[in-house]
Structures are given as structure tokens and as C-alpha cells.
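Student: This is the structure alone, sequence omitted:
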């Protein structure tokens, strides 16, 4: 171990100090450059660097817990690394030690027997979207839309990779999922797993509630627990899963009534530009006209929250077929183009 520091002309205490500052997201630019220089020094043995971390742990050093921001920075560096990936198995000691292994090697990592083998998506930063006192609209990496109800959270990777698109919901959310048969969309909510290819549905899985409720507004979804498929739901069907006795009830409902919590949000489902313009004109008391007939019949599907401005909405819907628009006092003029779909 001493050989490591003799060659690099850096003291052991200094390296430990820099590692902890990097993991804690408090390192300065100069200190970060110093640490990177040490790691990248051609004479330094990576095994000795790892041994340093093990020695620190064995000496009883208090583990440093990574916050989300620090973890995201480390993962971003790993993803962008040009170094070839080195597969390694890590003992489940010290969060910062695992982070430093990532930093040193640009490695793919696993925690065998403890947290399970990680899939490709898990190597990307995880986004935690939280809706506290109001609804929150989320655009997922694949372009799908989720509306979170109050006091709800959605966890999803920064990028979907692998055979599925998997997210985790706590609370209530309305999902409008883009169709992709090659990559099923999966929502984990408590003990239930809801799988779709492309559809719209609502899931209610509140903390402390002994029911998980799945309601379909469009398409079909498969609902399963930890052991088996519980049922296939179609539009205006709802499954109520009782977490106590683990029994599902399948009932017919009016799905529109179930999603009334989104009242005043805008849902455009396979609607033409001209039809959308009429709705927006009435809602915002603004005249919306078309300079030409091109694009009037172009169809699109989109969701907007009640707080989004008319300008924000027009900007989105005109982007579907690369149309242009001009804003005048009390009027918006759309110059349409041929439909892209």
C-alpha cells in the first residue's frame, strides 16, 4: 500500500479526504482535478486503490451515504466514459466505496445476493418526480405522458434500455403510453405489476390504503401480482386489488368519472388541429384561425395541465406537423403544413 503513495507523491489521508468530498458533492474544481490526476496516474495500481478502500472500511471508518445528486453525477460520468467496461463483483460495503469503484473503472456493477442483479436501465440515473400540492405532468424518456395526482411520486430511469420500460408509482397517476410492442411498459405499484404495450389507464396505490385500483380508459392492460396474472382489463374496466387477502375484483365503470381528479386538465385524443383549435379558442377566449387548409385535419394525441398557457399548448401541437403560428392581440394564426402521420 505504501508503494502506491510513494509513486504518486500523495498521502493516504489526502486521498481519503478527496474521495469523501467527491462523493459528498463538496469537492472544489482544483480538488477534483487533483483526485482525477491521482486515479489516472499510469503508475498507480487500481487493485491497490481498491485495497485502500477496504482498509478504510476495516478500520471502522463511518460509511458515507451518497445523496441523489452525487450518485447522478457519478453515473453520468460512468455513462460518458470512453474506458471499456470492466465487470466486477462488489462487496456491499460503503456506498462511497462503490461510487469510487465506478469513478475509477467506469464499471458495470452488481450487488450479488443483496439487491439483485441490475439491468441495463439501472445504470442510468433514476429520476424521482414528486407531485405535492398540485398535479404534475411528466414526459418520460420514450415520449409517454404521466399525470401525477397530489402527494404522488413516480420513479423512472433517465433513459429506457433493455426489453421493458419499467417505472414505479406511489400514489395516483394517469398514464398515456406510446405504443411499442418491442418494449412493454410496466408500472410497479405496491404488490401489483401492470403491463401494457400502448394505452391509457389510471392507477391508484395510496400509502396506507389496503386497495390498489387500476382503471383502463383506452387499450388493454395486464395486471399481475407477485405470482400470477390476475386479469386483462379493457376500456371502462377496473380491477380493485385487496392487499390484505390478495384478491382482485373486476368491475365495469365509467372510466371518465374515475379520472375526474384531472378536472380542467386538457386531454386531446386523436383529435384534429381544427377541433383542438375550437376547444382552445373557447377555453382561452382567444380567436384561433388557420392561414390555409393544410394541417387542419392532422390528428394528434396530447395532454396538458390546467396551468399551462395557450402559447405553451399551441407551441406543442403545431410541432406535431412542423406548422408555424403568429400571436396577435386576441388572435392566433396558424400556418399549417402537410401532416407528418
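Tutor: On my side now, so go ahead. As the structure is a computational prediction, the values presented were derived from the model and not from experiment.

Student: can we go C-alpha only for contacts and neighbour counts from here?
Tutor: Noted.

Student: Which neighbouring elements make contact with the helix or strand hosting residue 129?
Tutor: When elements are defined using DSSP states H and E, residue 129 is found to belong to strand 126-131. Using 3 or more CA pairs under 8 Å, 6 or more residues apart in numbering; DSSP states H and E as the contact criterion, the neighbours of strand 126-131 among helices and strands are strand 152-157.

Student: Okay, now the sheet partners of the very next helix or strand once past the strand it packs on, with direction.
Tutor: Going down the chain from strand 152-157, the next helix or strand is strand 165-176, by DSSP H and E. Based on DSSP bridges, the pairing partners of strand 165-176 within the sheet are strand 145-148 (antiparallel), strand 152-157 (antiparallel), strand 185-189 (parallel), strand 200-205 (antiparallel).

Student: how about these, which one is nearest residue 16?
Tutor: The closest of the strands paired with strand 165-176 to residue 16 is strand 152-157. By CA to CA, the value is 30.8 Å.

Student: Tell me what angle that closest one forms with strand 126-131.
Tutor: In this structure, strand 152-157 runs at an angle of 160 degrees to strand 126-131, with axes from the mean of the first three to the mean of the last three CA atoms, to 10 degrees as the basis.

Student: And for strand 152-157, what's in contact with it?
Tutor: Contacting residues not belonging to strand 152-157 are listed as 121-122, 124-132, 140, 148, 166-173 [CA atoms under 8 Å, 6 or more residues apart in numbering].

Student: wait, which of the strands paired with strand 165-176 is closest to residue 262?
Tutor: Smallest distance to residue 262 across the strands paired with strand 165-176 (CA to CA): 8.2 Å, for strand 145-148.

Student: Output the strands paired with strand 165-176 in CSV, with distance to residue 223, mean pLDDT and mean neighbour count appended to each entry.
Tutor: Below are the strands paired with strand 165-176 laid out as CSV (distance: least, CA to CA, whole Å; pLDDT from 0 to 100; neighbours: other CA atoms under 10 Å):
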stretch, distance to residue 223, mean pLDDT, mean neighbour count
strand 145-148, 18, 92, 23
strand 152-157, 18, 93, 21
strand 185-189, 10, 94, 21
strand 200-205, 11, 92, 23
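
Student: Those: which one's closest to residue 312?
Tutor: With CA to CA as the criterion, residue 312 lies closest to strand 145-148 of the strands paired with strand 165-176, at 16.1 Å.

Student: Just name the shakiest helix or strand of the protein by mean pLDDT.
Tutor: When the helices and strands of the chain are compared on mean pLDDT, DSSP states H and E, strand 109-110 comes out lowest with a mean of 26.

Student: ok, back up a step: of the contacts of strand 152-157, keep whichever come out buried.
Tutor: When the contacts of strand 152-157 are checked for burial by 16 or more other CA atoms under 10 Å, the buried set is 121-122, 124-127, 129-131, 140, 148, 166-173.

Student: which element is residue 30 on?
Tutor: Element membership for residue 30, per DSSP H and E: helix 29-40.

Student: rewinding a little: so which of the strands paired with strand 165-176 gets nearest residue 300?
Tutor: Ranking the strands paired with strand 165-176 by distance to residue 300, with CA to CA as the measure, places strand 145-148 first at 13.6 Å.

Student: The nearest residue to residue 297 once chain neighbours are set aside - how many residues pack around it?
Tutor: Counting by CA to CA, 6 or more residues apart in numbering, residue 297 lies nearest to residue 272, which is 5.0 Å off, once chain neighbours are set aside. Applying other CA atoms under 10 Å, we find 16 residues neighbouring residue 272.
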